[in-house]
Every structure is written in C-alpha cells, then in structure tokens.
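Engineer: what's the 3D shape of this:
(2 chains)
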Amino acid sequence: MSDLFPVSVRNASVRRRGKVLVGPVDLQLDGQGTSIVIGPNGAGKTSLLKMLHGILRLGGGQISWACPTEQAQRQQAFVFQTPVMMRRSVVENIAYPLRLNKVARQEALAEATIWAERIGLGGDALQRPAVLLSGGERQKLALARALIRKPRLLFLDEPCASLDGRATREIEEILTEVAASGTRLIMSTHNMGQAQRLADEVLFVLHGKVAEFSPAEAFFAGPQTDQARAFLNGDIVE
Amino acid sequence: MQAAWLLVTLDADLVEITLRSLRVTLSALAVACLIALPLAALLAVRRFRMRRATIAVLNALMGLPPVVVGLVVYVMLSRAGPFGVLGLLFTPTAMIIAQVIIIVPLVASIAHQSLRDLWSDYHDLLISLNATQFQRICTLLWDGRRALLTAALAGFGRAIGEVGAIMIVGGNIDHATRVLTTAIALETGKGDFAMALGLGFVLIALAVAVNLSIHWLGKTESEGRW
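Structural biologist: You can find the predicted model right below:
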C-alpha cells in the first residue's frame, strides 16, 4: 500500500444546514511528526479533524492524498473525545477493527490481547464489559482499538479531556511511542502544557478556519496573529 | 376446580393444543424476526428517500387489525386466490403466515427504536473504521441483541394471544389447527367454562414461562450485561 502523504487540502469546507462549520481550509501536511490543533471552544477543531478523516462530507474544495482516497482511509484511525464503547468485552472491542478486516477470530483476539496488555488492560480486565471501564481506561481502550489497525495517520480529538494527571501521562507516553514508530499524529487539545510537550507543529483554529499554522517552537515563542497571542495568554478569543 | 384438574392430569387435548400453539407461534416469531430485525437495522443505518415515510408506515402497521389480516390471507390462500394452488388454507402454515404479517411491523418498530439509538452511538466509529453497510447491520444486530430480545418477546406476546386472524385462516379444526386462543373461544361459546379457563391458565403460564426463560437465557438483568 503506497504512503498517503503528503496530503493537500484545498479550499475545503464543511456545511451543515446552510451554516459553514469548517473552512475554507488550505493546508499541506507531510508525513512526519505531530500536529496539535488548538483553539477556543466551538472554533471547529473536532469538525476539522473529522473533515480531514472523512467522517464529515466536504461541502466544497478537496482533500488530495498521495494515494487513492479509499487506500488513504484504510491507513487512518480516529480516537474520539468521548470514546465509543461497543457493547462487548475489552478484548473484543480492541479486536473489532481486525474482525472487520476479516482477520480470523482467534488471531484477532490474540493480537488484541497483546494490545490490551500494552495499555494496562490485560489479565482479568480483558473479559470485562467495556462499558464498565473508567474514563481513563476507556480512552486507552479507544487508543488501542485505533492502533491495532497500525495506522499511518492517527487523529485524536482531545484524548485526555477530563482525565487526571496520571492517566494523561500514560496516554502521552503511548502517543510519544506511537509517533516515534512513524505514525503521523494530528491531535486537538485544550491543554497547552500537553500541546507544548507533544507538538512539532501547531494549527490554531478559529471560526472554522486555520488562523495560524506554524512550527511548535515558533508558535509558542511568538504567535503571528493577535487572536493566537490572546489565546495563549488565556484571554477570551472571539 | 375442573380447570385445575385438567392441568394437573395433563389432559391429552390440552397438551396437544398447547404444543400446537407453541409450534405455530414460535415458527411465526422466527420468520418474523428474520424479516423484521435486518429491516430495522437497515432503516437505522441507511438514509434513503422515503425513509421517514417507511418508518411511519411501519409504526402505523403495528395497529393492523388481525381480523383484516386474516381476511386478506384467507382471500390469498383460498382456492380462487393467487396462492390457492398451494393448498395452505386451514393449515398451521396459513396461521403462521397470518401471524408473521401481524407481528413483523411490531418487532421491526420496536427493534428500530433500539437500533437507531445504538447507531447514533456507533455512527462515527463505524464510518471511521470503514465498515461496509452489511458489517454495520451485523454489528448493530449483534451488539443490540439484548434490546432486540425485548422486541422479539413483544412479538411473541402478540402472536400467542392472537385469535381473529388464525381463526379465519386456520378454521379451528380439531387435531389440526386448533390452538389455545381459538379453543378458548370455542369452549366459551359451548359454555364449557372449565375447559376455557384451563386453557386460559395455560396460555398465561406459557407467555410468562417463555418470557422468563428467554430473559434467563439472555441474562438480561445480569450485572455488567447489556
């Protein structure tokens, strides 16, 4: 399967009931590093991620991957802000993407067990119904379910929202490991500390548009726009 | 007292009628579930023109008058009807057909309510995982199986207590198409209230027993189940 990068986003937008949720967006993303999407509530971070991933249909413009779109979608995964817990056990939740790809049940469960142990949900937790997991455990499960597909590109929508410090650190450790293994990360967050720890580049989103896109060091040292500066200072941005 | 005696001694007629009732109703339920559950899942995951209208019609058909269903099936299966050549009128098969028509809208509507909610939970995930429409439907049916059990039980309740349609298409023939409900109607008409009451108790016990055993098998109320 050929690589999906670089990806070029041209004039892309998403509309719902006549209202523009995202866009127009113009971007060029290469295949390395971690991009952090930041911006105030309602700025369109989630919608931007969903648009890039293909969950939200484009209302205009285009997203061009280096390979056919169908192939590109198979190389991506998405971790949602509120993890979707399927009504199955932990191990069956993690194995689900492999089962969709017609991997034999035993093989899928064996692979899922390895991932579950890697994220600290091995042993007795394997057969627990996923809906009984805590917030942090759910997020880790969602991450394992995304990673079991071995994605080239992983979208994460505020994966550490409402998690405590320990759970956040555990997730960040996994993400750092994943990024080091060559997976491209695009992640939204409200946690500026986390953004500084993980980001190679920053997309500052406002009113559904990418207001600023720059390397992380440059962004945090001196944002180009007044709104980004105000946002980093903790002011209200409108 | 006489009714209780019939039950205690496992009266042969009573047992025969009871078993036939179960056979007809469970067969109808199985066929209805095969039609209604995939239909409910399809309506949940697929967007198409007239979808809302289809759901509205399905809901409206829940109140389908059994006597009218019986009449239509009778006309279809009678010698002059389009399926008369099959010779199904006044057989248990005709009764099953009538019951299927009556309970499919009910099972499909209740199942659709549950699956629609489940689909709204799973929507983004399944799209993200590039699940095909068939895979989406299978996933919803499997993960929603306990909620679907309720839909099936509602169908069973409606079918086992049905009398109008199966009286018309079955004819209430002794040792052939007589079931609990039609037998109760007959015995009441004859003034044999003991037999009618005995059959009534069996009917209620049967409905309760099937519900309980399915709940028990499905472990619907167990901790950590769905």
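Engineer: chain A contacts on chain B?
Structural biologist: Residues of chain B lying close to chain A by CB under 8 Å from any CB of the partner chain are B:118, B:121-122, B:124-125, B:127-131, B:135, B:139, B:143-144, B:224-226. For every residue, glycine as well, the C-beta is placed using N, CA and C.
Engineer: now which of these would you call buried?
Structural biologist: B:118, B:121-122, B:124-125, B:127-131, B:135, B:139, B:143-144 (16 or more other CB atoms under 10 Å in any protein chain shown).
Engineer: spatially, which pair of these is furthest apart? Let me know, please.
Structural biologist: Farthest pair in those (CB to CB) is B:130 and B:144. Separation: 21.0 Å.
Engineer: please list all residues in contact with residue A:93.
Structural biologist: If you count contacts by CB atoms under 8 Å, 6 or more residues apart in numbering or on different chains, residue A:93 has them with A:85, A:86, A:130, A:141, A:145.
Engineer: repeat the analysis, applying 6 Å as the threshold.
Structural biologist: A:86, A:130, A:141, A:145 (CB atoms under 6 Å, 6 or more residues apart in numbering or on different chains).
Engineer: got JSON lines for those residues, with pLDDT too?
Structural biologist: JSON lines is the format used below for these (pLDDT from 0 to 100):
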{"residue": "A:86", "pLDDT": "94"}
{"residue": "A:130", "pLDDT": "92"}
{"residue": "A:141", "pLDDT": "93"}
{"residue": "A:145", "pLDDT": "95"}
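Engineer: for residue A:173, grab the count of nearby residues.
Structural biologist: 10 (other CB atoms under 10 Å in any protein chain shown).
Engineer: ok so, going back, identify, from the contacts of residue A:93, the entry nearest to residue A:111.
Structural biologist: residue A:145 (11.5 Å).
Engineer: next up, identify which helix or strand the closest one is on.
Structural biologist: Residue A:145 is part of helix A:135-147, with elements assigned from DSSP states H and E.
Engineer: could you identify the helix or strand that succeeds that helix?
Structural biologist: strand A:153-157.
Engineer: each with direction, which strands does that following strand pair with?
Structural biologist: strand A:76-79 (parallel), strand A:184-188 (parallel) (DSSP bridges).
Engineer: which one, of the ones you listed, ends up nearest to residue A:204?
Structural biologist: Nearest of these (CB to CB): strand A:184-188, 11.2 Å.
Engineer: from the chain's centre, how far out does that closest one sit?
Structural biologist: 5 Å (CA atoms, centre = their mean, to the nearest Å).
Engineer: which residues touch that strand?
Structural biologist: Counting by CB under 6 Å, 6+ apart, A:31, A:34-37, A:45, A:153-158, A:179 sit against strand A:184-188.
Engineer: in PDB, list the C-alpha atoms belonging to the helix holding residue A:145.
Structural biologist: Taking Å, rounded to 0.1, in the frame of the first residue of the first chain, the C-alpha atoms of helix A:135-147 are listed here in PDB:
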ATOM      1  CA  GLY A 135     -12.800   7.300  31.800                       C
ATOM      2  CA  GLY A 136      -9.000   6.800  31.600                       C
ATOM      3  CA  GLU A 137      -9.400   3.100  30.800                       C
ATOM      4  CA  ARG A 138     -12.000   3.800  28.100                       C
ATOM      5  CA  GLN A 139      -9.600   6.300  26.400                       C
ATOM      6  CA  LYS A 140      -6.800   3.800  26.500                       C
ATOM      7  CA  LEU A 141      -9.000   1.100  25.000                       C
ATOM      8  CA  ALA A 142     -10.100   3.500  22.200                       C
ATOM      9  CA  LEU A 143      -6.400   4.200  21.600                       C
ATOM     10  CA  ALA A 144      -5.600   0.500  21.400                       C
ATOM     11  CA  ARG A 145      -8.600  -0.100  19.100                       C
ATOM     12  CA  ALA A 146      -7.200   2.600  16.800                       C
ATOM     13  CA  LEU A 147      -3.600   1.500  17.000                       C
END
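Engineer: residues in contact with that helix?
Structural biologist: In contact with helix A:135-147 (CB under 6 Å, 6+ apart) are residues A:77, A:79, A:83, A:85, A:93, A:94, A:115, A:119, A:159, A:162, A:163, A:167.
Engineer: quick one: low-confidence ranges for the chain?
Structural biologist: Picked chain A for this. Applying pLDDT under 70 to chain A flags the ranges A:1.
Engineer: my bad, chain B
Structural biologist: In chain B (pLDDT under 70), the answer is B:1-3, B:6, B:218-226.
Engineer: excluding its backbone neighbours, what's nearest residue A:69?
Structural biologist: residue A:54 (7.5 Å; CB to CB, 6 or more residues apart in numbering or on different chains).
Engineer: give me the neighbour count for the one you found.
Structural biologist: 18.
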